[in-house]
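[1] A predicted structure for the sequence below; I have some questions about it.
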Amino acid sequence: QVRLVESGGGLVQAGDSLTLSCAISGHFFSSNAVVWFRQAPGKDRAFVAGISRNDETSYANAVKGRFTISKDNAKNTIYLQMNDLKPEDTGIYYCAGRSNPVVITSSLYYEYWGQGTQVTVSS
């Protein structure tokens, strides 16, 4: 069973930075894609950023240039560095993985999910 545990959320002000972490059991992402989704109140989960087995990264247009996804193989951890945060970045951030090396932006393709971490950006 693959286990994902997010951490690093919190309450920040607009313009601040925050780094989320996702610890993944085993060496899951050495062979598979891992992504971040977020869910704002009253909205569906939306793709934020993803990293493939080969370290290719992809981002939602809303976060391009502000967010960076990366991985630390030694720590089995995925990070999401978020800069210049905006109130519209508020939501629950989920780490997710799929048994495939390619990033897909639809949440339907991900079998493994963390419990989520809350990010709140005040204006």
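    Here it is on my side, so go on.

[2] give the contact list for the nearest residue to D16 once chain neighbours are set aside.
    Nearest residue to D16 in three dimensions, chain neighbours excluded: L85, at 5.4 Å (Cβ to Cβ, 6 or more residues apart in numbering). The way it works is simple: take the backbone N, C-alpha and C, and place the C-beta from them, glycine included. By Cβ atoms under 8 Å, 6 or more residues apart in numbering, the contact list for L85 reads 12-18, 66, 119, 121.

[3] with G26 instead?
    2, 76.

[4] give me the phi and psi angles of it.
    phi 70, psi -150 (degrees, to the nearest 10).

[5] again with E111
    For E111, the backbone dihedrals (degrees, to the nearest 10) come out as phi -90, psi -30.

[6] if I look at it, what pLDDT would I see?
    According to the prediction, E111 has pLDDT 96.

[7] near it, how many other residues are there?
    Here the number of neighbours of E111 (other Cβ atoms under 10 Å) works out to 11.

[8] center of this structure, which residue is that?
    Residue closest to the average C-alpha location in the chain (Cα atoms, centre = their mean): W36, at 2.3 Å.

[9] tell me which element G50 falls in.
    In the assignment (DSSP states H and E), G50 maps to strand 45-51.

[10] which neighbouring elements make contact with that strand?
    On a contact count with 3 or more Cβ pairs under 8 Å, 6 or more residues apart in numbering; DSSP states H and E, strand 45-51 meets strand 33-39, strand 57-59, strand 67-72, strand 77-82.

[11] hey, which of these is tucked in deepest?
    Comparing the helices and strands packed on strand 45-51 by mean neighbour count (mean count of other Cβ atoms under 10 Å), strand 33-39 ranks first with a mean of 24.

[12] so how far is it off the chain centroid?
    Strand 33-39 has its C-alpha centroid displaced from the chain centroid by 4 Å (Cα atoms, centre = their mean, to the nearest Å).

[13] paired strands for that strand, with orientation please.
    strand 45-51 (antiparallel), strand 91-98 (antiparallel) (DSSP bridges).

[14] out of those strands, flag the one nearest A23.
    Minimum separation from A23 across the strands paired with strand 33-39 (Cβ to Cβ) falls at strand 91-98, 8.7 Å.
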